[in-house]
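A.B. asks: here is a sequence with its predicted model. Questions after.
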Amino acid sequence: ACAYASHEFLREARRVYDSAVELVKTAASAASKSSPSSREEEEDDGCATEALAALLHHHGLIQFRLEDYDGALKSVGRSLPLRERLLGKDHFRFLRTLRLMGDVLAATCKYSASVCCYDSAVSSMRKDPRKDRMLIAEVLERKGGVLTIMGELNDAMECLDESLCWKREEMGLAGIGVDGNSEEEDSLLTRTSGGDALFSVRVKLGDVHAEKGDNGAALSEYEKALRLRGEDSLSSGAFTESETVFILLVEARRHELSFDHEEALHYYERSLDIMRTVTPYRRDGISDVLHCIGRTHAGMGDYKTASKLFQDSVGGRRARSRHSGLDVADTFYQLGVAYQHLNKPKKALVRLGEALRIRKAQTGDSDLVAVTREKLGKIHKALGDVPKADSSYKEAIRIRRLIYGDGHDCLASLYYERGCLKDEFSDRMDQAAALFRDSLDIRKRTLGDAHPLVADTLYKLGCTLLKLGDREGAGHCFKDVVAIRKPSFDVSGGPDQREVAEMFFAVGTSFLERDGGHEYALASYDEAVRIQKAVSGSHHDDVAALLHNMATQFLERNMDGEALWCMEECASIRRRTLGGNHPGLAALLKSIGYVHEKQGQREDCLRCYEESARIWCNSSSSDEGGVEAAEAEAEAAATLGEKEAVE
């Protein structure tokens, strides 16, 4: 059976173990019925019982690897009390079985019970860590993996770091590579089999960093792990199919975090092909890879393909009574996000609701629950369901304050989103301003005063203060926005920079409303025009529309000179884009004529009115066009003082 297992013939190994367990059970039963007459016979009876415990342990291990979790739980559950009775709680064989029980419980989504098994094993081993330091390291590594699934990332990192220290100490590497440069460690380990011991813990450390959003640290750990396998490890043929799949998945994840999605798909699909060919019984493993492929397609913006893959993945993950697993919740969450991008908000709400139910049941008030609440809040907001959106944001804030305390950087986005909700859908501008200030304080402290997110928050705060009538406060906010945004503007940024132009326009308008703010307003408007021209081209209609809006603002404040310049620039562009006989140009020329008339510029006024009348006459035979033409001719006649013509 051991030989079969070592060569990945797991089904054959299970068949032999089934027979062996029955044989030992029969022998133990026969021995118990006899009346031992000597101490030697009693020892034989004990050996037979330990043999049964050992077989049950290995039987459970094979069932676990075959993803027969119910069978594994039954076998390991029978082995564990036998070994406790025969060997005691501090014996390394009992501790190995206890570790295996933790693995099985984790696979069946009993995460808290799994962690309890690991903690109990580590507690016993710490009494004399010299016995088996590598076993302590393995248990800590497994515990770190479960804590990562549960979203307890700081505790997971602590366990994995300690596991790494134990392994390095056991291998004589305690003083090597501790300064962040692991090349010396790699050169030692790639010549031996020692690299295998550190490979998996490095990968798990990378997973924790990836969950935290620290892609740089995650990539560093993945690269260290792959170096431990040596150059050209996949082409060497030195690994089993399971080991090859593991290496392929790490390579794929590394490329995924580097946004090299095509290469990531290549590695994920290779691993999937191997699993479907060699280990088709690993339905959970196949479902995990389908989830990863879906996530990669989502990263490429192909949410339609991603949603189909997530549906296939969640079907496999829910099999074998795993309806309440956190991996199932993760796939539901990703599926909900995909539906959100596919503009299917109601379907998104259903999937996110299922993810929330599982995460709440498994982890209580955890960050996983807070993340799900935040996403639900955004979708409820998009649907206009303000009470549910506000409730979701409020609950997410409560959980994160409970976990991390007030002022943690993870609260900044929640304060910002809830502030936007209050600003857009309620009359509680005072609450919106308070939320924006809370977000701003955190972002300034954690990101620095010149970060783009600080500028976004300042802009929203400024808009809210304008609604509250605090023009002075709004002006200060917008001035800071200009100071942050202007140095970082990049013409190559493309259409996304339209929002920057709109922001400068809003900033300029706010300054126009302040005494002494005209200089800042003109500078902001000039910047808005410059950015819009850089994005759209100097003669695009978007530039004309911006100039027209600026002219409107100037006219409302009797700034006729500035308004006239904007309108003439706008007319120049619209002659190019609309043609010389378009009614839109006629209406604009009529407005320009009116401004010239206000300034006493009779010749320019007459020229604009007459051209406007000509365009109306030539471009339309409708009653409306005739009325506009007559009105323009009348205004021209009035300018000349011809009373009969005016009539």
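C.D. replies: That came through, no problem.

A.B. asks: residues near the closest residue to residue 117 other than its chain neighbours, how many?
C.D. replies: Of all residues not flanking residue 117 in the chain, residue 102 sits nearest, at 3.5 Å (C-beta to C-beta, 6 or more residues apart in numbering). Every residue, glycine included, has its C-beta placed from N, CA and C. The tally of other residues near residue 102 (other C-beta atoms under 10 Å) stands at 26.

A.B. asks: which strand or helix spans residue 102?
C.D. replies: helix 92-107 (DSSP states H and E).

A.B. asks: also residue 314?
C.D. replies: Here residue 314 is assigned to helix 303-317, by DSSP H and E.

A.B. asks: how about whichever helix or strand comes after that helix: buried residues?
C.D. replies: Downstream of helix 303-317, the first helix or strand assigned by DSSP H and E is helix 326-341. Across helix 326-341, burial judged by 16 or more other C-beta atoms under 10 Å covers 326-340.

A.B. asks: strands of the stretch 51-200 of the chain, start to end?
C.D. replies: For the stretch 51-200 of the chain, no strands are identified by DSSP state E, counting those that start in this stretch.

A.B. asks: going along the chain, name the helices of the stretch 401-550 of the chain.
C.D. replies: 411-425, 429-447, 452-467, 471-488, 498-512, 518-536, 541-556 (DSSP state H, counting those that start in this stretch).

A.B. asks: a markdown table for these, including mean neighbour count?
C.D. replies: Shown next, in a markdown table, are the helices of the stretch 401-550 of the chain (neighbours: other C-beta atoms under 10 Å):
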| stretch | mean neighbour count |
| --- | --- |
| helix 411-425 | 21 |
| helix 429-447 | 19 |
| helix 452-467 | 22 |
| helix 471-488 | 18 |
| helix 498-512 | 21 |
| helix 518-536 | 19 |
| helix 541-556 | 20 |
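
A.B. asks: columns distance to residue 292 and mean pLDDT on top of those helices, output as CSV?
C.D. replies: Shown next, in CSV, are the helices of the stretch 401-550 of the chain (distance: least, C-beta to C-beta, whole Å; pLDDT from 0 to 100):
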stretch, distance to residue 292, mean pLDDT
helix 411-425, 26, 93
helix 429-447, 31, 94
helix 452-467, 29, 87
helix 471-488, 35, 76
helix 498-512, 33, 77
helix 518-536, 37, 84
helix 541-556, 41, 90
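
A.B. asks: in JSON lines, list the ones you listed along with distance to residue 266.
C.D. replies: Shown next, in JSON lines, are those (distance: least, C-beta to C-beta, whole Å):
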{"stretch": "helix 411-425", "distance to residue 266": "34"}
{"stretch": "helix 429-447", "distance to residue 266": "36"}
{"stretch": "helix 452-467", "distance to residue 266": "34"}
{"stretch": "helix 471-488", "distance to residue 266": "35"}
{"stretch": "helix 498-512", "distance to residue 266": "36"}
{"stretch": "helix 518-536", "distance to residue 266": "36"}
{"stretch": "helix 541-556", "distance to residue 266": "41"}
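
A.B. asks: what is the mean pLDDT for stretch 573-586?
C.D. replies: Averaging pLDDT along stretch 573-586 gives 84.

A.B. asks: ditto for stretch 378-395
C.D. replies: 94.

A.B. asks: so for it, what gets flagged as buried?
C.D. replies: Neighbour count says stretch 378-395 has 378-381, 385, 388-390, 392-393, 395 buried, by 16+ other C-beta under 10 Å.

A.B. asks: now, which of these sits nearest residue 436?
C.D. replies: Closest to residue 436 out of the buried residues of stretch 378-395 is residue 393 (13.5 Å), distances taken as C-beta to C-beta.

A.B. asks: just the CA atoms of the helix or strand harbouring that closest one, as CSV, please.
C.D. replies: Per DSSP H and E, residue 393 falls inside helix 386-404. Presented in CSV, the C-alpha positions along helix 386-404 are these (Å, rounded to 0.1, in the frame of the first residue of the first chain):
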residue,chain,number,x,y,z
VAL,A,386,-30.4,53.9,-0.5
PRO,A,387,-31.5,52.4,2.9
LYS,A,388,-30.0,49.0,2.1
ALA,A,389,-26.8,50.6,0.7
ASP,A,390,-26.4,52.7,3.8
SER,A,391,-27.1,49.7,6.1
SER,A,392,-24.4,47.6,4.3
TYR,A,393,-21.8,50.4,4.5
LYS,A,394,-22.6,51.0,8.1
GLU,A,395,-22.3,47.4,9.1
ALA,A,396,-19.0,47.1,7.2
ILE,A,397,-17.6,50.1,9.1
ARG,A,398,-18.7,48.6,12.4
ILE,A,399,-16.9,45.3,11.7
ARG,A,400,-13.7,46.9,10.5
ARG,A,401,-13.6,49.3,13.5
LEU,A,402,-14.2,46.3,15.7
ILE,A,403,-11.3,44.4,14.1
TYR,A,404,-8.8,47.1,13.4
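
A.B. asks: hmm, who's touching it?
C.D. replies: 365-367, 369-371, 373-374, 376-378, 380-381, 408, 410-411, 414-415, 417-418, 421-422, 425-426 (C-beta atoms under 8 Å, 6 or more residues apart in numbering).

A.B. asks: and stretch 454-474, by the same measure?
C.D. replies: Outside stretch 454-474, the residues that touch it by C-beta under 8 Å, 6+ apart are 412, 416, 419-420, 423, 429-430, 432-433, 436-437, 439-440, 443-444, 447-448, 475-478, 480-481, 484-485, 503, 506-507, 510, 513-514.

A.B. asks: for stretch 552-560, what is the distance to the chain centroid?
C.D. replies: 46 Å (C-alpha atoms, centre = their mean, to the nearest Å).

A.B. asks: kindly report the same for stretch 386-396.
C.D. replies: 20 Å.

A.B. asks: ok, residue 107 - how many residues close by?
C.D. replies: 19.

A.B. asks: I figured it hits residue 69, correct?
C.D. replies: Yes: contact criterion C-beta atoms under 8 Å: residue 107 and residue 69 qualify, at 5.2 Å.

A.B. asks: now the angle from the helix holding residue 314 to helix 326-341?
C.D. replies: 160 degrees (axes from the mean of the first three to the mean of the last three C-alpha atoms, to 10 degrees).

A.B. asks: just the buried positions in helix 303-317, please.
C.D. replies: 303, 306-307, 309-310, 312-314, 316-317.

A.B. asks: before we move on, what about stretch 341-354?
C.D. replies: Buried-residue list, stretch 341-354, by 16+ other C-beta under 10 Å: 344-345, 347-349, 351-352, 354.

A.B. asks: just the CA trace of it, in PDB.
C.D. replies: As requested, the backbone C-alpha atoms of stretch 341-354 are provided in PDB (Å, rounded to 0.1, in the frame of the first residue of the first chain):
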ATOM      1  CA  HIS A 341     -19.600  44.100 -14.500                       C
ATOM      2  CA  LEU A 342     -22.000  42.400 -16.900                       C
ATOM      3  CA  ASN A 343     -24.700  44.800 -15.700                       C
ATOM      4  CA  LYS A 344     -26.800  42.100 -14.000                       C
ATOM      5  CA  PRO A 345     -27.100  43.700 -10.500                       C
ATOM      6  CA  LYS A 346     -30.000  41.500  -9.300                       C
ATOM      7  CA  LYS A 347     -28.000  38.300 -10.100                       C
ATOM      8  CA  ALA A 348     -25.000  39.900  -8.400                       C
ATOM      9  CA  LEU A 349     -27.000  40.600  -5.300                       C
ATOM     10  CA  VAL A 350     -28.100  36.900  -5.100                       C
ATOM     11  CA  ARG A 351     -24.600  35.500  -5.400                       C
ATOM     12  CA  LEU A 352     -23.100  38.100  -3.000                       C
ATOM     13  CA  GLY A 353     -25.900  37.300  -0.600                       C
ATOM     14  CA  GLU A 354     -24.900  33.600  -0.700                       C
END
